[in-house]
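>>> how would this look folded up:
(chains A and B)
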Amino acid sequence: AQSVSQHNHHVILSEAASLELGCNYSYGGTVNLFWYVQYPGQHLQLLLKYFSGDPLVKGIKGFEAEFIKSKFSFNLRKPSVQWSDTAEYFCAVTPYYGNNRLAFGKGNQVVVIP
Amino acid sequence: ETGVTQTPRHLVMGMTNKKSLKCEQHLGHNAMYWYKQSAKKPLELMFVYSLEERVENNSVPSRFSPECPNSSHLFLHLHTLQPEDSALYLCASSQDGDSSGANVLTFGAGSRLTVL
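Below you'll find the model as predicted:
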């Protein structure tokens, strides 16, 4: 079964700082990759996804992620964060050929200080 | 609102109680899921229903009993739970059928369960 690793569970940074969250997965085949975000008191929602094509994926709210196949990574980035980016961020993976049985990482709790 | 509605949002129950969590999706999806979200742990997939049939049960204790009467509704019946079962229980739905697995899950807001 695939697994997903997210490091630095708690991240605290100031507004306008750059953010990068690491995500590594263990699965030897072709995968679909996702980042979900959970704002305080709100539901999990999709931030961006990668299925195929350009490995640099742009999502909502200025986020982007880069799929590096050789490193089994799908890191999330934002050049300049805002206070409203305070949330928990989850990386998830599912086999490209198969089903929607997402495997999630433990999440990164990001706090942006105004 | 995401199109996936969960009730109740908060539930406190004793270990001998019987309660149920409800999920309803208004997206026309044909697959529904229960996930358990505990602090500092990955989301755990509990059950999957596709076309109203249970297709996955990830070694979940029998004190959790799912029910999917139709493609729009999903229940999680709870009985004689333990304090360690306290968590946020998330329902999700998707449109299955695409073998690429590329369908996106839409989540509800969750039901926060506390077992005393």
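>>> C-alpha only now, for contacts and for neighbours.
Fine.
>>> Next up, identify which helix or strand the most centrally placed residue in chain A is on.
The residue lying closest to the centre of chain A (CA atoms, centre = their mean) is A:W35, at 3.5 Å. In this assignment (DSSP states H and E), A:W35 forms part of strand A:31-38.
>>> Average pLDDT for that strand, rounded please.
Strand A:31-38 comes out with an average pLDDT of 93.
>>> Could you do stretch B:18-32 as well?
Rounded mean pLDDT across stretch B:18-32 is 94.
>>> For it, buried residues please.
Residues of stretch B:18-32 classed as buried: B:20-25, B:29-32 (neighbour count, 16 or more other CA atoms under 10 Å in any protein chain shown).
>>> since we're on A:L19, how many residues are nearby?
Using other CA atoms under 10 Å in any protein chain shown, A:L19 has 18 other residues around it.
>>> pretty sure it is in contact with A:Q82, am I right?
No - counting by CA atoms under 8 Å, A:L19 does not reach A:Q82; the two are 10.3 Å apart.
>>> Give me every residue in chain A lying close to chain B.
A:32, A:42-46, A:51, A:94-107 (CA under 8 Å from any CA of the partner chain).
>>> Just the buried ones from those, in ChimeraX syntax?
Applying 16+ other CA under 10 Å to the residues of chain A next to chain B leaves a buried subset, and the ChimeraX line that selects it is:
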select /A:32,43,44,45,46,51,94,95,96,99,100,101,102,103,104,105,106,107
